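S.K.: Quick one, what's the 3D model for this:
(one chain, ligands or ions: 1)
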Amino acid sequence: MNRRFDAIVIGAGQAGPSLAARFAGAGHKVAFVERGRYGGTCVNTGCMPTKTLVASAYAAHLARRAADYGVMLESPVAVDMQRVKARKDKVVRDASWGVEKWLKGLPNVSLFEGHARFASPTTVRVGDDVLEAGRIFVNVGGRALVPPMPGLEQVGFFTNSTIMDVDFLPDHLIIIGGSYIGLEFAQMYRRFGAQVTVIEKAPHIIAREDADVVQGVLEILRSDGVVVETSAECMRVEKRGAHIAVKLDCAGGAREVVGSHLLLAVGRVPNTDDLDLDKAGVKTDARGYILVDDKLHTNVPSIWAIGDCNGRGAFTHTSYNDYEIVADNLLNADNRRVTDRLTAYGLFVDPPLARVGMSEAEIRKSGRRALVGKRPMTSVGRAVEKGETQGFMKIAVDADSKEILGAAILGVGGDEAVHCILDTMYANAPYTVLQRAVHIHPTVSELIPTILGELKPLA
Ligand SMILES: Cc1cc2nc3c(=O)[nH]c(=O)nc-3n(C[C@H](O)[C@H](O)[C@H](O)COP(=O)(O)OP(=O)(O)OC[C@H]3O[C@@H](n4cnc5c(N)ncnc54)[C@H](O)[C@@H]3O)c2cc1C
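M.R.: So this is what the prediction gives:
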């Protein structure tokens, strides 16, 4: 059946539902298409389930350390993986259902549950329905990359999606990929009680981070008992009886890891290969990311791409910000741009890493004259009181303009504390404003003004 709308939104990820609600609220007739679970990656297989599992793992970790706090448990800590999974499932189900209920209750929004494919620059097919609109917004997200690794076809493996069904404790979980997703799973499964080995192809985990950040995260993982193997330049996978062996050297040398289960966490690919983008004439880059301008407009006047599928961000907050940019520009005649966005993200191991702005390496490359302040968490009162003193806080500023250039907080509460730095950067205020702010005692944030009073030239 042919149906005409003012706008079509494809994908109920982190940008699509809010965009649909905003257009519908402004009186536009919107068609919304979703082929899977409402809420997309973040809600179903990404941020929400992982952070829920990280919380269970933290509870197990703290319980094991109870005696450090003078709390005596009478029996050893046991983790019931079925209950861990049930807790995670409930959080996910409630959130997904919240998005679904919201979308289904929106006036002016018609829902189409199925796979969308372009038929022309202004037409989308969903099963037998043909939807037409002058504006089409693509929020199709991405999925786990399964690399062409020799032997992979012989063994079973998990991705971030399929591991969500696990309700047992793997004996030895091998994780290929030492980046953000892989490391969160590594620490959580280790804390649940599994043996865990992370295998990273590069010489370092989280390759884009500064050496001190890499070292700090490594120390945290190793203190939990996670084994990390790096420089595995050419991996091969083999079935070894009921086990899985991963060879780390091309030459077939002795370096190998044998485990019971395998998780692949080696990157993401955009869900753009099954959209028939060619029928609309939409251009992508070589990896399939939809090419967009600074306002998220594709090369086709009627089509915008928002969220992970445009390659301009890989986070829930960047996807949500894409929605805000497009909605404000189209509905409020605003002039918002992706390049106004500052880099900010977290790595939710415990304690977490929060990063904003430039790394030290990027500052050096830029040639700017910079000052840096750094303090270990052992000298942060709140961390000492909590008995969680791993990590450090580091802030870099421009020595001439006094602008904050970047920060890394690896430590308890760092994921929240970092926002005073980020907001000062968004306010375009010099670091001296934050240096003179009076923060609440006792918090992790209260040391940020102090650090800004201890700046030294970047080595
Ligand atoms: C394990 C993991 C942990 C993560 N943790 C964090 C975190 O802590 N913080 C953070 O900011 N980010 C995190 N992320 C990233 C975050 O999940 C994504 O950046 C976020 O979901 C944004 O995605 P999106 O809006 O682009 O689309 P998605 O959330 O991927 O949603 C896309 C939707 O489009 C639908 N769709 C796709 N193709 C079609 C089609 N042809 N027709 C109809 N529907 C279609 C899909 O079914 C899906 O529902 C994590 C990701 C993973 C994998």
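
S.K.: neighbours around whichever residue of the chain sits closest to the ligand, how many?
M.R.: The ligand sits closest to Gly141 of the chain, with a gap of 1.9 Å, by CB to the nearest ligand atom. Backbone N, C-alpha and C define where each C-beta goes, glycine included. Other residues near Gly141 number 25, with proximity taken as other CB atoms under 10 Å.

S.K.: Ok, the one 4 residues further on next?
M.R.: Taking other CB under 10 Å as the neighbour definition, Leu145 ends up with a count of 14.

S.K.: pretty sure it contacts Val269?
M.R.: Yes: using CB atoms under 8 Å, Leu145 is in contact with Val269, at 4.9 Å.

S.K.: Now do the phi/psi pair for Met393.
M.R.: Backbone dihedrals for Met393, given as degrees, to the nearest 10, come out at phi -120, psi 140.

S.K.: residues touching it, list them.
M.R.: 374-375, 377, 380, 407-411, 414, 417, 444, 447-448, 451 (CB atoms under 8 Å, 6 or more residues apart in numbering).

S.K.: Only the buried members of those: can you turn that into a PyMOL selection?
M.R.: Buried members of the contacts of Met393, defined by 16 or more other CB atoms under 10 Å, are picked up in PyMOL with:
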select buried, resi 375+377+380+407+408+409+410+411+414+417+444+447+448+451
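
S.K.: tell me the contacts of the spatially most central residue of the chain?
M.R.: The chain has Phe315 as the residue nearest its centroid, 4.9 Å off, counting by CA atoms, centre = their mean. By CB under 8 Å, 6+ apart, the contact set of Phe315 is Tyr345.

S.K.: Tell me where the stretch 151-300 of the chain has helices.
M.R.: Assigned by DSSP state H, counting those that start in this stretch, the helices in the stretch 151-300 of the chain fall at 180-192, 211-224, 277-280.

S.K.: could you say what helices and strands the first one packs with?
M.R.: It refers to helix 180-192. If contacts are counted by 3 or more CB pairs under 8 Å, 6 or more residues apart in numbering; DSSP states H and E, helix 180-192 sits against helix 47-64, strand 172-176, strand 195-199, helix 211-224, strand 344-347.

S.K.: Give the buried residues for the fourth one.
M.R.: In this case it means helix 211-224. For helix 211-224, by 16+ other CB under 10 Å, it's Val213, Val214, Gly216, Val217, Leu218, Ile220, Leu221, Asp224.

S.K.: I'd say the fourth one and His204 touch.
M.R.: In this case it means Val217. No: when contacts are counted by CB under 8 Å, Val217 is not listed as touching His204 (9.9 Å).

S.K.: that older thread, which ones among the contacts of Met393 map onto strands?
M.R.: Lys374, Arg375, Ala407, Ala408, Ile409, Leu410 (DSSP state E).
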